[in-house]
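K.L.:
With the sequence up front, the predicted model follows.
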Amino acid sequence: MAEVVIVSDASVAGGVVADEIVRVVRSRPDAVLGLATGSTPLPVYEALRPRLGGVDVSRMRGFALDEYVGLDPSHPQSYRSVIAREVVEPLGLDPARIRTPDGSLEGIAHAGEDYEAAIEAAGGVDLQILGIGTDGHIGFNEPGSSFASLTRVKTLTRQTREDNARFFDRIDDVPMHCITQGLGTILRARHLVLLAFGAGKAEAVAGAVEGPVTASLPGSAIQLHPHVTVLVDEDAASGLRDADYYRYTWNNKPAWQTI
């Protein structure tokens with residue numbers, strides 16, 4: 001089962017994950033990080049910045065989870081722009097080593113296969129950061145996505161477009177399609193780290209961690225992975241049946257164990 005860590009707030013969760021990323025990069029300077037966008041992973045990137053002092057990140061590599069289809073890469077809300085702004089520049093990473101799926105219409109027919117090949121050529125993802133949508137999606141894998149799915153084009157649900165409309169002037173500006181790593185792609189990463197904060201994520205978190213494994217809730221795919229860490233605040237943990245057990249195991253975790 002996943003290791004569930006219940007913390008007081010998002011900044012504490014960010015510090016826990018940042019410490020693990022630093023450990024991974026110190027042990028493997030060319031480590032591959034799976035990058036998520038949106039507000040959820042920001043505490044991780046913010047906590048990483050002061051922790052990377054003295055750490056060689058020149059060889060560190062990264063792959064974003066997804067990208068909008070047909071949105072100009074220079075658009076401030078393209079995930080290429082977001083990753084550059086929130087991750088690459090603040091952390092001093094080499095932009096040439098950080099990739100996002102190609103959402104341009106010209107190459108969209110083979111963009112998924114190209115991205116899969118690039119991840120494979122890099123040796124796979126060492127640590128994949130994940131958020132979870134209110135409907136249980138991870139990446140842009142909407143309900144009904146196959147657990148064997150690879151990087152491909154998906155149609156965004158109305159709910160996801162409404163959730164993301166806060167980043168645009170209006171919902172009609174949110175693209176209808178995306179290219180996203182599949183659940184099968186995500187499950188190949190060596191360590192999955194899922195973060196969720198706020199009461200609005202409580203139902204999705206409970207379903208992903210303790211509910212049945214079902215394509216109707218894509219986040220439940222994490223139950224199929226051998227190394228998963230779920231970090232949530234008290235509000236996001238409010239639907240967890242075994243919350244007291246998770247607190248007990250975290251408080252009694254051996255000092256030598258990492259997440």
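P.N.:
All right, it came through fine.

K.L.:
Quick check, central residue of the chain?
P.N.:
With distances taken as CA atoms, centre = their mean, the residue of the chain nearest its centroid is residue 130 (2.2 Å).

K.L.:
Identify the residues contacting stretch 4-23?
P.N.:
Contact with stretch 4-23 is made by 33, 40, 42-48, 51-52, 55, 127, 129, 193, 195, 197, 209, 229-234, 237, 240, 242-243, 246-247, 250, 258-259, as judged by CB atoms under 8 Å, 6 or more residues apart in numbering. The way it works is simple: take the backbone N, C-alpha and C, and place the C-beta from them, glycine included.

K.L.:
Quick one: buried ones out of those residues?
P.N.:
Buried by 16 or more other CB atoms under 10 Å: 33, 40, 42-48, 52, 55, 127, 129, 193, 195, 197, 209, 229-233, 237, 240, 243, 246, 250, 259, out of the contacts of stretch 4-23.

K.L.:
For residue 48, which non-adjacent residue is closest in space?
P.N.:
Nearest residue to residue 48, sequence neighbours excluded (CB to CB, 6 or more residues apart in numbering): residue 18, at 4.4 Å.

K.L.:
Looks to me like residue 154 is in a helix.
P.N.:
No. According to DSSP: H, G, I helix; E, B strand; the rest coil, residue 154 belongs to no helix; its state is strand.

K.L.:
pretty sure it contacts residue 146?
P.N.:
No. Using CB atoms under 8 Å, residue 154 is not in contact with residue 146; the gap is 11.1 Å.

K.L.:
the more surrounded of those two?
P.N.:
residue 154 (21 against 14; other CB atoms under 10 Å).

K.L.:
Show me which positions of stretch 171-180 end up buried.
P.N.:
Buried residues in stretch 171-180 (16+ other CB under 10 Å): 174-175, 177-180.

K.L.:
coming back round to it: in three-state terms, label the residue nearest to the residue nearest to the centre of the chain when sequence neighbours are not counted for me.
P.N.:
Using CB to CB, 6+ apart and skipping residues adjacent in sequence, the residue nearest residue 130 is residue 194, 4.4 Å away. With three-state DSSP as the basis, residue 194 sits in strand.

K.L.:
can you check residue 209 too?
P.N.:
helix.

K.L.:
I'd say it and residue 236 touch.
P.N.:
No. In this structure residue 209 lies outside contact range of residue 236 using CB under 8 Å: 10.5 Å.

K.L.:
Please identify the buried residues of stretch 53-64?
P.N.:
Neighbour counts over stretch 53-64 (16+ other CB under 10 Å) mark 55, 57, 60-64 as buried.
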